[in-house]
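Engineer: Generate coordinates for the sequence data below:
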Amino acid sequence: MNDVRVIPYLVEEVQETASQLPRGIEMIQAPDLWTESNKGKGCIVAVIDTGCQTDHPDLAERIIDGKNFTSDHNADPKNYEDNNGHGTHVAGTIAASLNQNGFSGAAPEANLLILKVLTGQGSGKYKWIIDAINYAVDWRSSEGEKVRVISMSLGGPTDVPELHEAIKQAVSRGVLVVCAAGNEGDNNGNTDEFSYPGAYNEVIQVGAVDLNRRLASFTNTNDQVDLVAPGVDILSTYPGGKYARLSGTSMATPHVSGALALLINIAEKEFDRPLTEPEHYSQLIKRTVPIGFGKRSEGNGILALSLVDRFLDLLNSYYNVNDEKKTKENKSMVIVP
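Structural biologist: Have a look, this model is predicted:
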């Protein structure tokens, strides 16, 4: 079967340099968590896509390993170079290194496992994807580290049981699977559009909003959407050592994948133990804010990583103020002998 493809996307602009932090990374508040999360260091995200430009200046240090599952590059499993552009863009949003110009991905010290399952034309076989998922789950680094997150900005119209089973196995083994909702939306939240694997209940399905927090007209809507993230005019890395602005739910998905690398580090440090996949999902969802488009369109809402910290700051401020008031009241009630 060859009916699984990269989620359609629009190339808005290609540029030689990037001199600022992408607005999408700012919008999800990733930098607010960099200190606490050590910028995602030690967390490994598997990018199942069209490959990646391995010597891109902002990605070379982040790529820990990879494999080609396609017929491209003479089917050489060691050659997972991107001959499309999509995978390099996705990888940059997840974990591009913080460069001297201020450009960065969501988790700029996380590591990437690049698994090429789509050809230069953006299409691939379901078997390639299934094999890549199983490979990611079983993969271990030389130090015994394992993949914590799988990011897939791809999809097709067919519910393939073998694909679903591979995802269920990944989740059961503690791997968070993040998938694009798809770009077949009709701008009507009351109608359903399904793309697989995004529509499976076990994955974290990501829809798209623009940089003004408006729902993207193309984003799929259905009862399995978990949250939304920036997916319109998104700046990230691109082949040739360049940068590009792309639009699609493909671009929203890696914002969430990178965010999870930060949250995994924070949560497991706080709890002082490894967390399960449902526990990490809970940590993610409590950092979302409804934006008024309904559950079928936005799920739990837009990703806002520092929401919990800001709430706690407000709560602490409230109690500090009230403690001061109580102290003053108590002082005024003291009876002088």
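
Engineer: drop to CA atoms for contacts and neighbour counts, all remaining ones
Structural biologist: OK.

Engineer: Would you mind confirming that residue 192 is in contact with residue 220?
Structural biologist: Yes. Shown here, residue 192 and residue 220 form a contact pair, counting by C-alpha atoms under 8 Å, at 7.2 Å.

Engineer: Just want to know which of the two has more residues nearby.
Structural biologist: The neighbour count for residue 192 versus residue 220, taken as other C-alpha atoms under 10 Å, is higher for residue 220 (31 against 15).

Engineer: The more buried one belongs to a helix?
Structural biologist: No. Under DSSP: H, G, I helix; E, B strand; the rest coil, residue 220 sits outside any helix and is assigned coil.

Engineer: Next up, the contacts around it.
Structural biologist: Contact analysis of residue 220 by C-alpha atoms under 8 Å, 6 or more residues apart in numbering lists 181, 182, 183, 184, 185, 186, 192, 193, 194, 207, 297.

Engineer: any idea how far it is from residue 284?
Structural biologist: According to C-alpha to C-alpha, to the nearest Å, residue 220 and residue 284 sit 21 Å apart.

Engineer: so is residue 33 in a helix, a strand, or just coil?
Structural biologist: Residue 33 is classified as helix under three-state DSSP.

Engineer: That one against residue 39, yeah?
Structural biologist: Yes. With contact defined as C-alpha under 8 Å, residue 33 reaches residue 39; the gap is 7.4 Å.

Engineer: which residues do those two both contact?
Structural biologist: Common neighbours of residue 33 and residue 39 (C-alpha under 8 Å, 6+ apart) are residue 262.

Engineer: show me the residues around residue 60 that make contact.
Structural biologist: Contacts of residue 60 (C-alpha under 8 Å, 6+ apart): residue 54.

Engineer: is it fair to say it lies in a strand?
Structural biologist: No. Residue 60 is assigned coil when assessed by three-state DSSP, not a strand.

Engineer: Next one: it relative to residue 81, how far apart?
Structural biologist: 12 Å.

Engineer: shared neighbours, these two?
Structural biologist: Counting by C-alpha under 8 Å, 6+ apart, the residues touching both residue 60 and residue 81 are residue 54.

Engineer: Now stretch 199-213: average pLDDT?
Structural biologist: Stretch 199-213 shows a mean pLDDT of 98.

Engineer: for stretch 51-70, same thing?
Structural biologist: Per-residue scores along stretch 51-70 average to 98.

Engineer: got the buried residues for it?
Structural biologist: 51-54, 56-59, 61-70 (16 or more other C-alpha atoms under 10 Å).

Engineer: Report how far apart the opening and closing residues of that stretch are.
Structural biologist: Note: stretch 51-70 ends 10 Å apart using C-alpha to C-alpha.

Engineer: and residue 112, how many neighbours?
Structural biologist: 28.

Engineer: Remind me which helix or strand residue 171 belongs to.
Structural biologist: helix 161-172 (DSSP states H and E).

Engineer: Just the C-alphas of that helix, formatted as PDB.
Structural biologist: Output in PDB follows, covering the C-alpha atoms of helix 161-172 (Å, rounded to 0.1, in the frame of the first residue of the first chain):
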ATOM      1  CA  PRO A 161      -5.100  -2.600  11.900                       C
ATOM      2  CA  GLU A 162      -1.400  -3.400  11.800                       C
ATOM      3  CA  LEU A 163      -0.500   0.300  12.100                       C
ATOM      4  CA  HIS A 164      -3.000   0.700  15.000                       C
ATOM      5  CA  GLU A 165      -1.500  -2.300  16.700                       C
ATOM      6  CA  ALA A 166       2.100  -0.900  16.400                       C
ATOM      7  CA  ILE A 167       0.900   2.300  18.000                       C
ATOM      8  CA  LYS A 168      -0.900   0.600  20.800                       C
ATOM      9  CA  GLN A 169       2.300  -1.400  21.500                       C
ATOM     10  CA  ALA A 170       4.400   1.700  21.600                       C
ATOM     11  CA  VAL A 171       2.000   3.400  24.000                       C
ATOM     12  CA  SER A 172       1.800   0.400  26.200                       C
END
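
Engineer: No more questions from me, cheers.
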